[in-house]
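Novice: Sequence plus the predicted model coming up.
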Amino acid sequence: MIYTITLNPALDRTIWVDRIREDESNRIEEEHRYAGGKSIDVSKVLKNLGLDSVALGFVGGFAGRELEGRLLNEGIQSDFIRVSGETRINIIIHEMETKHQVAFNARGPQVQPHELMELVDQVSSLRNADIITIGGSLPRGVTPEIVRKLITMAKKGQTKVFLDVDGEALKVGIEAGPHIIKPNIHELSHLLGRELTNIEDILVAAREINKKGVEIVLVSMGARGILMVTEDEEQIALPPQVEVKNTIGAGDSSVAGFILGLVSGKELKECLAFAAAAGTATTLSHGTALCRKEDFDRILPQVQLKELR
């Protein structure tokens, strides 16, 4: 079974307007609400690609109930820890005239220590976990030590851990030795404290992380593709050029694509191609719509794999 952990999930309220005009009433042309958060997006894309998973994390209040209900309607299993605070609501505004996008991300609830330990107990009791993903930001009241704890517990059960966080949580998480990480260029630059611009710089950085005990380092580079570094392989997956309508959730979709490859018994380079195809497929849709299987199937044969050593 695949479990996805989102520590600070959100309801994404997505709004479309012609153009934002100051000191005027701006009419909303279209509005949708989605269950959001990095690992929740992974669960949604896995579902679109034919794989089931169970979404874990913290939810609270009416927004939390709505989030659970939306996942239920999409056929996604969840087993969240309920907290006393309210699940956050993010606001994403699309200007149709300019095609600009502005996101306002809320901080989320304050998670109490006893609520945090409920999640620890839940994860420690999992007996059928093949893959666990940990993604997204941390809610208030939770430090990066939870990432280290979750990775350590999962590894005791021979579970593969896929980590997709940033900042201090990524630094602490790497110390626990997750099997796979997927930072983007900016997150990797921040982690190592230096600007990474060309492929060689990124390769050197990924090798450093690999030597710290992370088996597979994936680096998403936008239109330049996805880089994969392991002890034995260095590959880059180059997606086809497409008309990008949205980038929200593309990285999470790449995580789901790579997992699909692993579960299907594919070689790592094929898993990388799956990741690139899923991430690219998500960029074809407006708003927070995620990778559709028909787009994934169409793009996958167009992904080019290039060996770097």
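Specialist: It's in.

Novice: Give the burial count for the nearest residue to residue 307 once chain neighbours are set aside, as a bare number.
Specialist: Spatial nearest neighbour of residue 307, chain neighbours left out: residue 235 (5.8 Å); criterion: CB to CB, 6 or more residues apart in numbering. For every residue, glycine as well, the C-beta is placed using N, CA and C. Residue 235 has 20 neighbours, counted by other CB atoms under 10 Å.

Novice: Also residue 270?
Specialist: Other residues close to residue 270 by other CB under 10 Å number 18.

Novice: Identify the residues contacting residue 75.
Specialist: Residues counted as contacts of residue 75 (CB atoms under 8 Å, 6 or more residues apart in numbering) are residue 47.

Novice: Local confidence estimate at it?
Specialist: pLDDT recorded at residue 75 is 96.

Novice: Give me the three-state assignment for it.
Specialist: coil (DSSP: H, G, I helix; E, B strand; the rest coil).

Novice: and if you look at residue 265?
Specialist: coil.

Novice: Within its local environment, how many residues does it see?
Specialist: Around residue 265 there are 8 residues (other CB under 10 Å).

Novice: quick one: strands adjacent to the least confident helix or strand in the chain by mean pLDDT?
Specialist: The helix or strand of the chain with the poorest confidence is strand 100-104; it has a mean of 86 (mean pLDDT, DSSP states H and E). Strand 100-104 pairs in its sheet with strand 88-95 (antiparallel), by DSSP bridges.

Novice: Would you mind measuring from the residue nearest to residue 307 to residue 214?
Specialist: 16 Å (CB to CB, to the nearest Å).

Novice: so residue 123 sits in a helix?
Specialist: Yes: per three-state DSSP, residue 123 lies within a helix segment.

Novice: okay, it: pLDDT?
Specialist: On the pLDDT scale, residue 123 gets 95.

Novice: I figured it was touching residue 151, is that so?
Specialist: No: counting by CB atoms under 8 Å, residue 123 does not reach residue 151; the two are 10.0 Å apart.

Novice: ranges for the strands of the stretch 151-300 of the chain?
Specialist: 160-164, 180-181, 216-220, 226-229, 234-238 (DSSP state E, counting those that start in this stretch).

Novice: out of the ones you listed, nearest to residue 204?
Specialist: Across the strands of the stretch 151-300 of the chain, residue 204 has its closest neighbour in strand 226-229 (9.7 Å, CB to CB).

Novice: Work out the sheet partners of the closest one and label each with its direction, please.
Specialist: By DSSP bridges, strand 226-229 pairs with strand 216-220 (antiparallel), strand 234-238 (antiparallel).
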